[in-house]
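Q: attaching a predicted model along with its sequence, questions to come.
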Amino acid sequence: MKTSELLNALGETLMSDQPLTADTQLSTLPGWDSMGMVAVLSLIDESLGASLPRGSLQKCATVNDILALVRSHLSE
């Protein structure tokens, strides 16, 4: 999955009314809550086959933090 496709999927999952960029602050997104984090974990697992540790998204502040986290788990 390309980065642009992942950004679009994250935007849909987190109910963003604006296109996401790497600099988008997660706290500004309506879907960024505990259920949104579960949905993002599921999206990443199903789309990319990367199983992120529980609680790892809580440390993310921007979309770029999520992207970096995914990249680090895909390279393992």
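A: Everything's here; your move. Residues are numbered from 1 along each chain as shown.
Q: all contacts plus neighbour counts: C-alpha atoms, from now on.
A: Will do.
Q: tell me if A22 really is in a strand.
A: No: following the definition DSSP: H, G, I helix; E, B strand; the rest coil, A22 is coil and is not counted among the residues of a strand.
Q: quick one, what contacts it?
A: With contact taken as Cα atoms under 8 Å, 6 or more residues apart in numbering, A22 is in contact with 62-64, 67.
Q: list buried residues within the residues you listed.
A: Neighbour counting with 16 or more other Cα atoms under 10 Å marks 62-64 as buried within the contacts of A22.
Q: which of the residues you listed lies closest to V40?
A: V63 (11.2 Å; Cα to Cα).
Q: measure that closest one to G55 for me?
A: Applying Cα to Cα, to the nearest Å, one obtains 16 Å for the distance of V63 from G55.
Q: ok, L6 next?
A: 20 Å.
Q: tell me which of the two has more neighbours.
A: For L6 versus G55, the count of surrounding residues by other Cα atoms under 10 Å is larger for L6: 17 against 12.
Q: what helix or strand is the more buried one on?
A: With the criterion set as DSSP states H and E, the secondary-structure element containing L6 is helix 3-13.
Q: run the chain-centre distance for that helix.
A: From the chain centre to the centre of helix 3-13 is a distance of 8 Å (Cα atoms, centre = their mean, to the nearest Å).
Q: do stretch 51-63 as well
A: The gap between the average C-alpha position of stretch 51-63 and the chain average comes to 8 Å, counting by Cα atoms, centre = their mean.
Q: how about stretch 59-72?
A: For stretch 59-72, the separation from the chain centroid amounts to 7 Å (computed by Cα atoms, centre = their mean).
Q: hey, C-alpha coordinates of that stretch in CSV?
A: Output for stretch 59-72, consisting of C-alpha atoms alone and laid out as CSV, is shown next (Å, rounded to 0.1, in the frame of the first residue of the first chain):
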residue,chain,number,x,y,z
LYS,A,59,2.3,7.8,21.9
CYS,A,60,1.5,9.2,18.4
ALA,A,61,0.7,12.9,18.1
THR,A,62,0.7,13.2,14.3
VAL,A,63,-0.1,11.1,11.3
ASN,A,64,3.7,10.9,10.6
ASP,A,65,4.1,9.2,14.0
ILE,A,66,1.7,6.5,12.8
LEU,A,67,3.5,6.2,9.5
ALA,A,68,6.9,5.9,11.2
LEU,A,69,5.5,3.3,13.6
VAL,A,70,4.2,1.2,10.7
ARG,A,71,7.5,1.5,8.8
SER,A,72,9.5,0.3,11.8
